[in-house]
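Asks: turn this into a structure:
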Amino acid sequence: MSSLSLSSRYALVGPGAIGLYYGGLLAKEGAPLHVVARSDYDAMKANGVTIRMMDPRKNILNAEYRIEPAQVAQDTAEIGLVDCVIIAAKSTVNAQLIESLRPLIEPKHTVVLTLQNGMGNAEFFAKHFPENPLLAGLCFVCVNRTAASVVENYLPGRVEIGSLNDTYPEEAQAAVRVFEQAGIKTKYSPTFDASLWRKLCWNVPFNGLSIAAGGITTDKILADPELARRVRSLMEEVQSAAALAGYAISDSFLQGQIDVTTTMGAYQPSSLIDFLDGRAVEVEGIWGEPLRRGQALGAAMPELVKLYGEILAAVAGR
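Replies: A predicted model of the protein is given here:
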């Protein structure tokens, strides 16, 4: 198995907001980052990756970094085998990625790290690459891709990295060290599913209601009494499902998620951006699969049933 370090060879698949931000920070600290770019190829070849650190309340630029990846390629065959593949593409295209990933992944060596929203991503890739360590990172962060190869950060947040079924602790801890060396606040998650349920406490209500309520930002969700009530109810349903799965989430954690959201200003969640831009929305990973798993555990989730239906209808009627 690969023992990751900052000098390991990395490939980034999916240079959207999350991929540009974390891949860019790794490359900024010297990691050899090979980026698979398609629509952004020309811009990234010419200008590299630009990371802009913003103050969302004052709408001012605090810092800007321009980073040159080791390689920008349109075909994974141009890159070849790497030590770690970072998958930051939307989960809606996972099935389409498999064949393009094969030139990058050496069996029993390459670490596969998904930085994606929702449930089921690591399990999906493990079916196709069963001999490789499968890691997953949950990104508690506010970032938006504002132009080709340009990403803005509004809240640095943190990353939690664990492994599928908690079976690759050494590889996960090595990835944590690499991220920390790149200046990213990161923690090791010894029980990854617990971290996944916690992340859904934010993603389910805020990504969902931003679409269901007609395309609104997080500040408007919290300013509306009925929507704020739904936020809390959805969080509590996720909390209850997690408890049935064996993972306790405190009431103070839920309140903390609401409190931190108030500092984000008029933030557009990633699912809302996809919805408004006419792109596929990660409906099943963020809402469908948590609902199915929660109901299978015996959780009553009427608010999530309602929200899931609203999002399906909004996407279908777009």
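
Asks: residue 4 and residue 110 touch, don't they?
Replies: No: the criterion here is CB atoms under 8 Å, and residue 4 misses it with residue 110 at 10.3 Å. For glycine as for every other residue, the C-beta is placed from the backbone atoms N, C-alpha and C.

Asks: any common contacting residues for these two?
Replies: Taking CB atoms under 8 Å, 6 or more residues apart in numbering as the criterion, residue 4 and residue 110 both touch 83-84.

Asks: residue 32 against residue 9, yeah?
Replies: Yes: using CB under 8 Å, residue 32 is in contact with residue 9, at 5.2 Å.

Asks: look at those two and report which has more neighbours.
Replies: The residue with more neighbours, out of residue 32 and residue 9, is residue 9; 21 against 17, by other CB atoms under 10 Å.

Asks: from residue 63, how far out is that one?
Replies: 28 Å (CB to CB, to the nearest Å).

Asks: likewise for residue 196?
Replies: Residue 196 is 31 Å from residue 63, by CB to CB.

Asks: mind checking which of these two has more residues around it?
Replies: Taking other CB under 10 Å, residue 196 and residue 63 do not tie; residue 196 has more neighbours (25 against 9).

Asks: return the distance of that one relative to residue 69.
Replies: Taken as CB to CB, the span from residue 196 to residue 69 is 29 Å.

Asks: and for residue 206?
Replies: When residue 206 is compared with residue 69 (using CB to CB), they lie 31 Å apart.

Asks: hmm, residue 143 is touching residue 150, no?
Replies: No: Residue 143 is beyond contact range of residue 150, at 10.9 Å (criterion: CB under 8 Å).

Asks: list residues touching both of those two?
Replies: Common contacts of residue 143 and residue 150 (CB under 8 Å, 6+ apart): residue 20.

Asks: can you pull out the helices in the stretch 51-200 of the chain?
Replies: Taking DSSP state H, counting those that start in this stretch to define them, one finds helices in the stretch 51-200 of the chain at 76-79, 94-101, 121-128, 169-181, 192-202.

Asks: one more: the stretch 201-318 of the chain?
Replies: 208-212, 218-223, 225-244, 251-262, 270-276, 283, 289-296, 302-316.

Asks: ok, residue 146 - contacts?
Replies: 52, 152.

Asks: ok, it to residue 62 distance?
Replies: Distance from residue 146 to residue 62, by CB to CB: 15 Å.

Asks: per-domain residue ranges of the protein.
Replies: The chain breaks down by automatic domain parsing into domains covering 10-190, 194-316.

Asks: turn these into TSV, including mean pLDDT.
Replies: Below are the domains of the chain laid out as TSV (pLDDT from 0 to 100):
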stretch	mean pLDDT
domain 10-190	96
domain 194-316	96
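
Asks: now the one residue sitting closest to the centre of the chain, nearest residue through space, not along the chain?
Replies: The centre of the chain sits closest to residue 116, judged by CA atoms, centre = their mean, with a distance of 3.5 Å. Nearest residue to residue 116, sequence neighbours excluded (CB to CB, 6 or more residues apart in numbering): residue 91, at 4.9 Å.

Asks: any idea how far residue 112 is from that neighbour?
Replies: Counting by CB to CB - residue 91 and residue 112 are separated by 14 Å.

Asks: go ahead and confirm residue 284 touches residue 121.
Replies: No: here residue 284 does not reach residue 121: they are 10.8 Å apart, not a contact under CB under 8 Å.

Asks: so for the two, which sits in the more crowded spot?
Replies: Applying other CB under 10 Å to residue 284 and residue 121 shows that residue 121 carries more neighbours, namely 22 against 18.

Asks: and the more buried one, what is it in contact with?
Replies: Counting by CB under 8 Å, 6+ apart, the residues that residue 121 touches are 87, 91, 94, 114, 136, 285.

Asks: now with 7 Å?
Replies: For residue 121, the contacting residues are 91, 94, 114, 136, 285, by CB atoms under 7 Å, 6 or more residues apart in numbering.

Asks: the third one: neighbour count?
Replies: Going back to what we said before, that points to residue 114. 24.

Asks: what do you get for the second one?
Replies: By the other CB under 10 Å criterion, the neighbourhood of residue 94 contains 20 residues.
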